[in-house]
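Undergrad: sequence and predicted structure below; questions after.
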Amino acid sequence: MALDGSQFGALWALPFGGLLLSIAVLPLAAPRLWHAHFGKIAAAWSLVFLLPFARGQGLEATAELLVHTLLADYLPFIILLTALFTAAGGIYLRGNLHGSAGLNTGLMAIGALLASLMGTTGAAMLLVRPLLRTNDNRRRNAHVMIFFIFIVGNAGGALTPLGDPPLFLGFLKGVDFLWPLRHLWPQALFLNLALLAIFYAIDSFHFRREGPPLQDPTPDTGRLGIEGGINFLPLLAIAGLVLMSGSWKPGIAIELLHNRFELQALLRDALLLAVIAWSLAITPRGVREKNQFSWAPMAEVAKLFAGIFLTMAPVLAALQAGEAGAFAAVVHAVADAEGRPLPQAYFWASGLLSGFLDNAPTYLVFFNLAGGDPQQLMGTQALVLAAISAGSVFMGALSYIGNAPNFMVKAVAEQRGVRMPGFFGYMGWSCALLLPLCALMGWIWFR
């Protein structure tokens with residue numbers, strides 16, 4: 001189902017804006033209310049959108065929208081995240097590393113390399129708990145998680161369709177598997193090295209100023225090792241299923257309320273559910289307890305993103321409508337007077353909106369806005385496609401909701417006692433560090 005974006009004025013963005021504001025303000029202004037009822041708050045904002053929509057468009061159109069948003073978009077998204085969260089949560093790094101600037105930087109560099117091979121979510125969920133244990137006797141450790149989101153949760157995933165959801169959508173649309181590696185490696189190398197260098201300087205500064213470390217809550221258990229390594233097999237299976245759904249297209253589909261569900265996507269999601277059960281079954285007893293594994297972070301992500309997917313539907317539709325939509329100014333901004341695309345404008349438009357609209361659907365909007373022909377975008381318009389890809393992947397780190405690993409890392413860290421900054425506090429870090437680096441990137445590569 002495709003919404004007619006020309007029917008949605010700017011006021012239809014209010015439920016989405018209200019949900020974002022709730023995520024930003026309520027954890028600080030009313031923490032007990034938020035932590036006890038955040039799912040109900042997300043549902044309430046969804047109703048603020050759905051009830052007027054149902055009144056204006058009718059119950060049948062509302063049912064079609066719910067089926068498309070929740071079954072076609074949201075459910076595959078949350079199943080994939082749950083599979084990665086489950087498999088990675090069954091791998092335990094035995095032993096006790098002691099956090100230092102050099103060690104932390106090395107772990108993040110490893111995570112950046114893994115992100116393009118197993119996805120930003122997979123790499124983040126694999127390494128977040130060992131990194132938290134490594135720094136659990138530090139007086140200041142929130143900045144470690146912030147840079148972890150920047151690097152492992154986003155910037156590291158720019159080189160393959162497995163790395164980040166926007167690139168996977170491009171792969172589904174016909175972009176070659178190795179195209180991101182060939183065209184984005186200079187930008188990815190620049191951003192990751194710059195962030196690693198800045199992190200090393202900041203972490204070294206804090207490490208020197210902290211004085212004697214706190215009592216380490218993680219006991220020294222001898223040699224380093226891996227328990228639950230059998231869960232690397234489910235992680236490989238997840239990567240294989242994602243690739244299968246993008247490369248195998250039998251042309252068979254099921255229709256439900258004017259929504260088309262392709263066989264390969266249905267099979268992928270069914271097998272991912274099987275992988276979740278497989279991971280739970282093969283994980284040695286006690287490994288998840290040692291990892292302090294809990295479903296709470298996954299439940300928080302699932303509830304909030306259900307509301308986000310619903311309330312952002314009219315915003316994305318209005319963007320998709322181009323000049324006929326409420327956000328026609330964005331369409332005009334990405335082309336010159338003759339209608340020729342401006343790569344740097346695409347870079348900033350796709351990037352800034354990715355920070356707040358989730359980077360995967362935002363990528364798709366600008367991919368289609370640039371013509372939607374993968375052969376042309378990989379050929380004469382390669383710089384435009386690179387700009388859209390880089391903006392969507394790298395600036396997905398601008399807020400906690402720009403990319404799924406951002407919120408998951410925050411939730412896991414807070415569960416382990418790290419005092420993560422609020423929505424605006426995190427954006428203070430991202431605007432101060434990421435935006436200048438992106439501005440330099442745009443000036444060098446996308447002029």
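TA: Cool, got the structure.
Undergrad: which residues of the stretch 51-200 of the chain fall in strands?
TA: Assigned by DSSP state E, counting those that start in this stretch, the stretch 51-200 of the chain shows strands spanning 92-94.
Undergrad: in the helix or strand of the chain with the lowest mean pLDDT, what's buried?
TA: Using mean pLDDT, DSSP states H and E, strand 92-94 stands out as the lowest-scoring helix or strand of the chain, at a mean of 79. Using 16 or more other Cβ atoms under 10 Å as the test for burial, strand 92-94 gives 92-93. To be clear about C-beta, it is placed using only N, CA and C from the backbone, and glycine gets the same treatment.
Undergrad: show me what that strand is packed up against.
TA: Judged by 3 or more Cβ pairs under 8 Å, 6 or more residues apart in numbering; DSSP states H and E, the packing partners of strand 92-94 are helix 101-134, strand 225-227, helix 287-290.
Undergrad: next, the buried residues of the next helix or strand after the last one.
TA: Proceeding C-terminally, helix 287-290 gives way to helix 296-311 as the next helix or strand, assigned by DSSP states H and E. Residues of helix 296-311 classed as buried under the neighbour-count rule (16+ other Cβ under 10 Å) are 297-298, 300-311.
Undergrad: got a list of contacts for helix 296-311?
TA: 15-16, 18-19, 23, 38-39, 41-43, 45-46, 48-50, 66, 69-70, 73-74, 77-78, 81-82, 85, 358, 401, 404, 407-408, 411-412, 415 (Cβ atoms under 8 Å, 6 or more residues apart in numbering).
Undergrad: equivalent analysis for stretch 431-447, please.
TA: 150, 186-187, 190-191, 194-195, 198, 343-344, 346-348, 351, 383, 386-387, 390-391, 394-395, 397-398.
Undergrad: where does the stretch 101-250 of the chain have low pLDDT?
TA: 211-223 (pLDDT under 70).
Undergrad: re the thing from before, let me have the buried residues of helix 296-311 in JSON lines, adding pLDDT and distance to residue 169 as columns.
TA: Formatted as JSON lines, the buried residues of helix 296-311 follow (pLDDT from 0 to 100; distance: Cβ to Cβ, whole Å):
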{"residue": "297", "pLDDT": "85", "distance to residue 169": "25"}
{"residue": "298", "pLDDT": "88", "distance to residue 169": "23"}
{"residue": "300", "pLDDT": "87", "distance to residue 169": "25"}
{"residue": "301", "pLDDT": "85", "distance to residue 169": "20"}
{"residue": "302", "pLDDT": "90", "distance to residue 169": "21"}
{"residue": "303", "pLDDT": "91", "distance to residue 169": "24"}
{"residue": "304", "pLDDT": "89", "distance to residue 169": "21"}
{"residue": "305", "pLDDT": "86", "distance to residue 169": "17"}
{"residue": "306", "pLDDT": "91", "distance to residue 169": "20"}
{"residue": "307", "pLDDT": "91", "distance to residue 169": "22"}
{"residue": "308", "pLDDT": "88", "distance to residue 169": "17"}
{"residue": "309", "pLDDT": "87", "distance to residue 169": "15"}
{"residue": "310", "pLDDT": "91", "distance to residue 169": "19"}
{"residue": "311", "pLDDT": "90", "distance to residue 169": "21"}
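Undergrad: so for stretch 4-11, mean pLDDT?
TA: Averaged over stretch 4-11, pLDDT sits at 83.
Undergrad: extract the C-alpha set from it and format it as PDB.
TA: In PDB, the C-alpha atoms belonging to stretch 4-11 read as follows (Å, rounded to 0.1, in the frame of the first residue of the first chain):
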ATOM      1  CA  ASP A   4      -1.000   9.500  -1.200                       C
ATOM      2  CA  GLY A   5       1.500  12.000   0.400                       C
ATOM      3  CA  SER A   6      -0.200  15.000  -1.200                       C
ATOM      4  CA  GLN A   7      -3.100  14.600   1.200                       C
ATOM      5  CA  PHE A   8      -0.900  15.100   4.300                       C
ATOM      6  CA  GLY A   9      -0.200  18.600   5.400                       C
ATOM      7  CA  ALA A  10       2.600  19.500   7.800                       C
ATOM      8  CA  LEU A  11       0.200  19.100  10.800                       C
END
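Undergrad: in it, what's buried?
TA: 5-8.
Undergrad: hmm, back to that, report the buried members of the contacts of helix 296-311.
TA: 15-16, 18-19, 23, 38, 41-43, 45-46, 48-50, 66, 69, 73-74, 77-78, 81-82, 85, 358, 401, 404, 407-408, 411-412.
Undergrad: mark which of these are part of helices, please.
TA: Residues of these located in helices (DSSP state H): 15-16, 18-19, 23, 38, 41-43, 45-46, 48-50, 66, 77-78, 81-82, 85, 404, 407-408, 411-412.
Undergrad: distance between stretch 75-95 and the chain's centre?
TA: How far stretch 75-95 lies from its chain's middle: 14 Å, per Cα atoms, centre = their mean, to the nearest Å.
Undergrad: what's the answer for stretch 416-434, then?
TA: 16 Å.
Undergrad: mind checking the SS state of residue 361?
TA: Following DSSP: H, G, I helix; E, B strand; the rest coil, we place residue 361 in the helix state.
Undergrad: list the contacts for it?
TA: Counting by Cβ under 8 Å, 6+ apart, residue 361 has contacts 73, 312, 316.
Undergrad: which of these sits closest to residue 270?
TA: residue 73 (17.1 Å; Cβ to Cβ).
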